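Asker: here is a sequence with its predicted model. Questions after.
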Amino acid sequence: MKLTREEELDPEKNYVFGYHPHGIISLGALCNFGTEATGFAQLFPGIDLRLLTLTMNFRIPFFREYLLGMGINDVSRESCERNLSRGPGSSIMIVVGGARESIETAQGGRDSLILSNRKGFVKLALRKGASLVPVYSFGENDVFGVFRSSWLTELQIRMQKKLGFAVPLFFGRALTAGLLHRLFGLNVGVLPLRVPIHSVVGKPIHLKKTPNPSQEEVDEAHARYMEELKRIHSEWKDKFEKEREDVLKQCDAERAKIYRSGRFRLDDHCELSFVE
C-alpha cells in the first residue's frame, strides 16, 4: 500500500474526496484512508476525513460496530451533509463508482469507471462550498480477478438495480502451502494477490458555495473533475506499471507464473475509460 499527495490541502476548508476505481472491496480506500497505515494524517494535517460506505452495511450485526469503530460512516445524503458541517477540515470520501463499478473490475488492461452520469457528489460539494479532490488508486483492480460473461454481467446489473449492491464473482490467490493446493493443484482462492496498490491524491478543485446550483454549474464542475482524474492517470500510470513489474520480479517462479496467467492479466497496461 502506498499513498501519494500531489498538493497540500488547507485545513480551514472542507473537501469531498472521490475514490476510483471501486475494485471488488476497495482495499486501497480502506487501508490508505480508513486507517493510518500509510500516514494520512502526516500528509494531510488538519483534515478530518470520514470514509463512507453503503447504508446497508450498517444493518449487519457486529459489522456495524466494527465500521463505526474505524470512523466509517454511511453514504446517505444526510450523513454527507452532517459530516461536511462539523467544522474546518471536516471531509468525506465517496467511492463514486459504487456497486455498479465493482462489476466492471478491469479485464484486459482497462480500468472502466462509472462516472459520466455520477454527478450527485459534485452537486453536494457545490451546495456545501467544499472542494473536490479526485483520487486514483492504481492496482485496485489487480488484487482480484473476476469471472466475466455477457449474460452474467447483465444478471449482475439487474441484481444491483434491484438490491442496491452487486455480487461480482471474484477470485484471488490460494495458499500455496495449503492442502487444496498440495492435493489438487488449485491456484485460485479468496485471498488478494500480493501486488501493489498506489493511491494518488490529485489537486483540489475549488468550488464557490452555491446553495442551489444549476445543471450547467454542476456539469462544468464535473467536467473539471474528470479532466483532473484523466491527468492523474496519464501522469502516474507508467510509474505504477514499473512498481508492479518490480514486485512481480521478486515473486518466486510458481507465483509469478500464476500472476502472469491470462486469468489475472497483470501484464496488461492500464487504459482508462468512462462508462455510462
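Answerer: Here it is on my side, so go on.
Asker: distance of Gly46 from Glu81?
Answerer: From Gly46 across to Glu81, the span is 21 Å (C-beta to C-beta, to the nearest Å). For every residue, glycine as well, the C-beta is placed using N, CA and C.
Asker: one more: Leu43?
Answerer: Distance, Leu43 to Glu81, by C-beta to C-beta: 26 Å.
Asker: got it, and Leu191?
Answerer: Leu191 sits 38 Å away from Glu81, going by C-beta to C-beta.
Asker: neighbours of Leu30, how many?
Answerer: For Leu30, the number of neighbouring residues by other C-beta atoms under 10 Å comes to 16.
Asker: which residues in the stretch 1-150 of the chain form strands?
Answerer: Along the stretch 1-150 of the chain, the segments classed as strands by DSSP state E, counting those that start in this stretch run 2-5, 15-20, 48-53, 73-74, 90-95, 110-114, 131-138, 145-146.
Asker: okay if I get those strands as CSV plus mean neighbour count?
Answerer: Formatted as CSV, those follow (neighbours: other C-beta atoms under 10 Å):
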stretch, mean neighbour count
strand 2-5, 18
strand 15-20, 27
strand 48-53, 20
strand 73-74, 20
strand 90-95, 24
strand 110-114, 20
strand 131-138, 25
strand 145-146, 22
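Asker: quick one, helices of the protein?
Answerer: Residue ranges of the helices in the chain, as given by DSSP state H, are 27-33, 40-43, 63-69, 77-84, 98-103, 120-128, 150-163, 179-184, 215-249, 253-259.
Asker: the ones you listed: which one's closest to His198?
Answerer: Closest approach to His198 among the helices of the chain (C-beta to C-beta): helix 215-249, 5.3 Å.
Asker: show me where pLDDT drops low in the protein?
Answerer: Filtered on pLDDT under 70, the chain yields the residue ranges 105-110, 149-153, 156, 160-167, 176-185, 276.
Asker: try it again with 90
Answerer: 23-25, 54-61, 68-70, 97-114, 141-191, 193-194, 247-276 (pLDDT under 90).
Asker: ok, the residue lying closest to Leu132 once chain neighbours are set aside - how many residues close by?
Answerer: On the basis of C-beta to C-beta, 6 or more residues apart in numbering, the spatially nearest residue to Leu132 that is not a chain neighbour turns out to be Ile205, at 4.3 Å. When neighbours are defined as other C-beta under 10 Å, Ile205 has 20 of them.
Asker: so what's Ile205 up against?
Answerer: Residues near Ile205 by C-beta atoms under 8 Å, 6 or more residues apart in numbering: 131-134, 221, 224-225, 228.
Asker: from Ser91, how far off is it?
Answerer: Shown here: Ile205 relative to Ser91, a distance of 14 Å by C-beta to C-beta.
Asker: list residues touching both of the two?
Answerer: Listed as contacting both Ile205 and Ser91 by C-beta under 8 Å, 6+ apart are Val133.
Asker: how about the helices of the chain in JSON lines, adding distance to Phe138?
Answerer: As requested, these are exported to JSON lines (distance: least, C-beta to C-beta, whole Å):
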{"stretch": "helix 27-33", "distance to Phe138": "9"}
{"stretch": "helix 40-43", "distance to Phe138": "17"}
{"stretch": "helix 63-69", "distance to Phe138": "26"}
{"stretch": "helix 77-84", "distance to Phe138": "26"}
{"stretch": "helix 98-103", "distance to Phe138": "16"}
{"stretch": "helix 120-128", "distance to Phe138": "21"}
{"stretch": "helix 150-163", "distance to Phe138": "24"}
{"stretch": "helix 179-184", "distance to Phe138": "29"}
{"stretch": "helix 215-249", "distance to Phe138": "4"}
{"stretch": "helix 253-259", "distance to Phe138": "16"}
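Asker: of all those, which lies closest to Glu140?
Answerer: For the helices of the chain, the distance to Glu140 is smallest for helix 27-33, at 5.0 Å, taking C-beta to C-beta.
Asker: hmm, who's touching that closest one?
Answerer: Residues from elsewhere that reach helix 27-33 (C-beta under 8 Å, 6+ apart): 1-3, 17, 19, 37-38, 40, 49, 51, 93, 95, 135, 137, 139-140, 143, 192, 197, 199.
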